[in-house]
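> predicted coordinates and the sequence they were generated for:
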Amino acid sequence: MDDDAEIVAEFLVESHENLDQLDRDLVALEQEPGSRELLSSIFRTIHTIKGTSGFLALGRLEALTHAGENLLSRLRDRKMDLTTEVTEVLLRTVDTVRALLEVIERSGTDQDPTVDVQVVVAELERVLAGGSAPAPAPAPAPAPVPAPVAVEVVPEALELEPATSYAEPAGAAPTVEPAPAVPPAPAAAPAAAPAAAPAPAAVAEPLDPEADPAPRGVVDSSVRVDIELLDGLVQLVGELVLTRNQIMQRTDATTAAAGDAELVRAAQRLDLVASELQESVMRTRMQPIGQVWSKMPRIVRDLAHLLGREVALEMEGHDTELDRSLLEALRGPLTHLVRNALDHGLEPPEQRVALGKPAAGRLHLRAFHESGQVVVEISDDGRGIDPAVIGAAAVSRGVVTREQLARMEPRDVLHLIFRPGFSTAEQVTNVSGRGVGMDVVRTSIERIGGSVDMLSVVGSGTTCRVRIPLTLAIIPALVIGEADERYAIPQANLVELVRLEGQDLRDNVEVLAGAPVLRLRGRLLPLVSLAETLGRDGAGFGAGVRSATDPLTVVVVQSDDVRFGLCVQDVHDTQEIVVKPIGRQLKQLAMYAGATIMGDGRVALILDVGGIARERALTSVETVEPVARVDEADSRALLVLEISHGRRAALPLTAVSRLEEFDLDRVERSGAVEVVQYRDGILPLVRLAAAIGLPESPPPEEQLSVVVHEEEGRRVGIVIDRVLDVVEEHVVLTEVGRRPGVLGSAVVQDRVTDLVDLDAVVRPVLGSRELVGAR
Amino acid sequence: MTATTTTTPVATRQMCTFWVDGLFLGISVEHVQEVLRYQQLTVVPRAPAAVLGLINLRGQIVTALDLRCRLGLPPRAGEDLPMNVIVRSRGEVVSLLVDDIGDVIDTDDHLLQPTPANLPPGVQDVVTGVLPLAGSILLVVDADRAVDVSSHLTTGGTPS
């Protein structure tokens, strides 16, 4: 029961916030009756309250919000117009929800008969059914006066039974009355409506003493602190950290030289204290995720019961801590995701058994820290999400057009479930499936600077991965310099720093079709010039990068699953920075996440790595491991080549040592083999087209494109027409096109591509040399 | 909601005045938070052309807009440093960069007249009306419209 009380308390806090929002939205809606956005927002709020009240067995509240949601759903889908009457009913619904919440706060249940739910539900249903004239004179109360609703409803009740109404519930509260909702004096709600101003002062009085002695306050070693106070502290510490940075900079530069040892020592102490203070203040706001998880078994149990599922719940990483405000913000979305996993993911037991799975579905919750972020995964071993089904539903619902869908990657198709108004549940259940769920989840996660990702394998399960920052206010960042300005890159996005010069630069940076890439430990990393991204000294980076005499500084960054190298002018140092918002005028610039103030008081912009990736149209390079890998799918980086009149072939990137272009007149012959002199040696050449049984293209004008392959110290040059791209994707090899030199064909980037059997191609050449024969 | 207040010819009105390219402009004092000398700017590459940069206003980061650019007037001569008129608009604080600051004046007895139709469109866009004073004509600037650069997405960046 204790556990329940806690859940209820949280629900109340959350719902009150939601109701305030609802009031604002409804008022705004009156000004702007057609706004779909506002309707969606109202709908979501009611939906959230409904969902939670369902778990908490607050039947009357659930019935009311369900009816309200039905009406809103019609409005949202434009099956109904928002008339004054409808608005009025909606406002009444909100008032009644609020009244119920107050009852719940007082008594712990929603069974207080002084709040009449039936009448409002009936009203809602009548409006929903399209009924026009309301029942005898329900006093078309001053409709657009939604502001004082909070006081308005309770007074109604109090007015009717002045003596008993609040005394009774307070006394009767602990004994839970399972009695069904008793409709009170039928006149109650409608008649009281015009009584909007019955001396609110008088009302406030009897309410207050009641609210105060509420059985709160567990006496233990902790102190309850207003979260606003903590927020204020964080702000102040932020300012302190900035000042500390300023002082540190001054003492380093001037005092050390002047020999003022006292000041230097004081500054060092300040540095230490400020750091510790900052850490402590941040810690006061940290709470383990276990707080959310402790509620999960109950929620899962109830849901499983409701939906007829069997669920084995596993949870991992209870101690993972994150900022309180983030934890709060995470609670709703997580519950939603768990709900979805049970409703849409896990199959009913019979079906599971028929599929050869254990009857009980596995629901796995896992939280952990990863590179300055908190990752929460919700995995199930259910039916998975079929991109085909999602795609079809998205098209039929008008979320995307058929053409758009055809161009989408399966992963992107999966992400369609995050679009507003999307739901594949064939019937609307009480639990989920009205198409608000995932849209709400994503919006709330993104609001706190996080991201959601879906991974799914049809038939074997779905994993939803939520990434959120540890804290919002102060983050460590790398400060870099570009054209006299400084920019901060959040440490969370930072992978490593690479500095290249001279021969290294020429050896490891290649330019593919104008796009520079860096060869980094066997992988190719796309390079992006920060100067170019920021619109300075424009193009020419790609072409000039290799011939540049200056060293190249590459900041390897990662956002979600895109990793790339950002070429910057200077790297300064890492600092704790205080993230501050930037103005509306700059919101459309995706490459900035905000701004901060540097030690010298000047402003520096914070780069948004994800935004830069989108800006430069960098798509996902790394493949994300699916939850339950069916088999080790053949996922590897491929170098896609054009050979023989535009036909496509691919080589594993690991086999590529370098890309070269040779002038035609450098090609000589040695016996039957074409060779070029290359790096103090002789490089034998193989014409790839001929080697895999295709006709040769007409000889190029001047230069020969060659892929240099190296093994055991021997090199061979594979002559191609040109390099098209580097891709890293799941390749499904088919037997089609299998022939000597070709392992088979696969669809790479929507084109049929021959996968070259490298061994067969190079063996004749390398094999003809004595040393390599014995492999 | 504040946008409409300047258009009504209200009797009592104090204006914070300033000059931009020879034009005498004013913003209702209730929109003006403070007036500052030139502050060091941090350039924001790829920002709308009117955004000259960001300034640090006692720990708050404020976008500085060039009113010359916003009004469609020629750029300031190189060596002249602009002044900041810090205005509040829709909950945000924005700095308008102007050539020079004037006095705060009472415009009690003057009626707001419509902007002459032959003013350049950039000026028309920002100015809600004019107050013909004794020695000069005061162009009344609407703070909300002045800080709105969304319609001016001439993103050319601001090379330093």
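On my side now, so go ahead.
> any idea how chain A splits into domains?
In terms of domains, chain A is parsed into A:2-211, A:227-284, A:287-469, A:474-615, A:635-772 (source: automatic domain parsing).
> helix, strand or coil: sort out the residue in chain B sticking out farthest from the centre for me.
Ranked by distance from the centre of chain B (C-alpha atoms, centre = their mean), the top residue is B:Asp109, with 23.2 Å. Per DSSP: H, G, I helix; E, B strand; the rest coil, the local secondary structure of B:Asp109 is coil.
> just the pLDDT for it.
Note on B:Asp109: pLDDT of 75.
> A:Val237 and chain B, how far apart?
13 Å (C-beta to the nearest C-beta, to the nearest Å). C-beta here means a position set from N, CA and C on the backbone, and glycine is covered the same way.
> okay, whatever helix or strand that residue lives in in PDB with CA atoms only?
If you go by DSSP states H and E, A:Val237 is part of helix A:227-250. Presented in PDB, the C-alpha positions along helix A:227-250 are these (Å, rounded to 0.1, in the frame of the first residue of the first chain):
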ATOM      1  CA  ILE A 227      13.400  21.600  -6.500                       C
ATOM      2  CA  GLU A 228      13.400  25.300  -7.400                       C
ATOM      3  CA  LEU A 229      15.900  26.000  -4.700                       C
ATOM      4  CA  LEU A 230      18.100  23.300  -6.100                       C
ATOM      5  CA  ASP A 231      17.700  24.700  -9.600                       C
ATOM      6  CA  GLY A 232      18.700  28.100  -8.200                       C
ATOM      7  CA  LEU A 233      21.800  26.500  -6.700                       C
ATOM      8  CA  VAL A 234      22.800  24.900  -9.900                       C
ATOM      9  CA  GLN A 235      22.500  28.200 -11.700                       C
ATOM     10  CA  LEU A 236      24.600  29.900  -9.100                       C
ATOM     11  CA  VAL A 237      27.200  27.200  -9.200                       C
ATOM     12  CA  GLY A 238      27.200  27.600 -12.900                       C
ATOM     13  CA  GLU A 239      28.100  31.200 -12.500                       C
ATOM     14  CA  LEU A 240      30.700  30.400  -9.900                       C
ATOM     15  CA  VAL A 241      32.300  27.900 -12.300                       C
ATOM     16  CA  LEU A 242      32.500  30.600 -14.900                       C
ATOM     17  CA  THR A 243      34.100  33.100 -12.600                       C
ATOM     18  CA  ARG A 244      36.500  30.400 -11.400                       C
ATOM     19  CA  ASN A 245      37.500  29.900 -15.000                       C
ATOM     20  CA  GLN A 246      38.100  33.600 -15.400                       C
ATOM     21  CA  ILE A 247      40.200  33.800 -12.300                       C
ATOM     22  CA  MET A 248      42.200  30.700 -13.200                       C
ATOM     23  CA  GLN A 249      43.000  32.200 -16.500                       C
ATOM     24  CA  ARG A 250      44.200  35.500 -15.000                       C
END
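> in it, what counts as buried?
Of the residues in helix A:227-250, A:Leu230, A:Leu233, A:Val234, A:Val237, A:Gly238, A:Leu240, A:Val241, A:Leu242, A:Arg244, A:Asn245, A:Ile247, A:Met248 count as buried by neighbour count, 16 or more other C-beta atoms under 10 Å in any protein chain shown.
> quick one: low-confidence parts of the stretch 301-450 of chain A?
A:371-372, A:420-437, A:447, A:449 (pLDDT under 70).
> typo on my end, it should be the stretch 1-150 of chain A
For the stretch 1-150 of chain A (pLDDT under 70), the answer is A:1-6, A:30-31, A:33, A:131-150.
> quick one on the thing from earlier: roughly how far apart are the residue farthest from the centre of chain B and B:Gly129?
Distance, B:Asp109 to B:Gly129, using C-beta to C-beta, to the nearest Å: 15 Å.
> what lies in contact with the helix holding A:Val237?
A:267, A:270-271, A:274, A:277-278, A:281-282, A:284-285, A:324-325, A:473-474, A:575-576, A:578, A:597-601, B:59 (C-beta atoms under 8 Å, 6 or more residues apart in numbering or on different chains).
> can you turn the buried part of these into a PyMOL selection?
Restricted to buried positions by 16+ other C-beta under 10 Å, the PyMOL selection for the contacts of helix A:227-250 reads:
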select buried, chain A and resi 267+270+271+274+277+278+281+282+285+324+325+473+474+575+576+578+597+598+599
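> can you show me the helices along chain B?
All helices of chain B, identified by DSSP state H, fall at B:67-71, B:121-126, B:143-146.
> any weak-confidence spans in the stretch 601-750 of chain A?
A:619-636, A:728-730.
> how about the residues of it near chain B?
By C-beta under 8 Å from any C-beta of the partner chain, the residues of the stretch 601-750 of chain A that approach chain B are A:Gly601, A:Arg602, A:Val603, A:Ala604, A:Leu605.
> what about the third one, how many neighbours?
The number of residues packed near A:Val603 is 26, by other C-beta atoms under 10 Å in any protein chain shown.
> doesn't B:Gly59 make contact with it?
No: A:Val603 lies out of contact with B:Gly59 (C-beta atoms under 8 Å); the separation is 10.5 Å.
> shared neighbours of the two, anything?
With C-beta under 8 Å, 6+ apart as the test, A:Val603 and B:Gly59 both reach A:Ile597.
> residues in contact with the nearest residue to A:Arg669 once chain neighbours are set aside?
Once flanking residues are discounted, A:Arg669 sits nearest to A:Val675: 6.9 Å by C-beta to C-beta, 6 or more residues apart in numbering or on different chains. By C-beta under 8 Å, 6+ apart, the contact set of A:Val675 is A:Val667, A:Glu668, A:Arg669, A:Ile682, A:Leu683, A:Pro684, A:Leu685.
> tell me the one of those nearest A:Val413?
Checking the contacts of A:Val675 against A:Val413 with C-beta to C-beta, the nearest one is A:Leu685 at 43.2 Å.
> which element, helix or strand, includes A:Ala617?
Counting by DSSP H and E, A:Ala617 is found in no helix or strand.
> how many residues are close by it?
A:Ala617: 6 neighbours (other C-beta under 10 Å).
> just A:Val761 next, same as before
Going by other C-beta under 10 Å, the residues that sit close to A:Val761 add up to 25.
> and it, what helix or strand is that in?
Counting by DSSP H and E, A:Val761 is part of helix A:758-767.
> which elements pack onto that helix?
strand A:681-687, helix A:688-691, strand A:703-711, strand A:714-720 (3 or more C-beta pairs under 8 Å, 6 or more residues apart in numbering or on different chains; DSSP states H and E).
> noted, bye for now.
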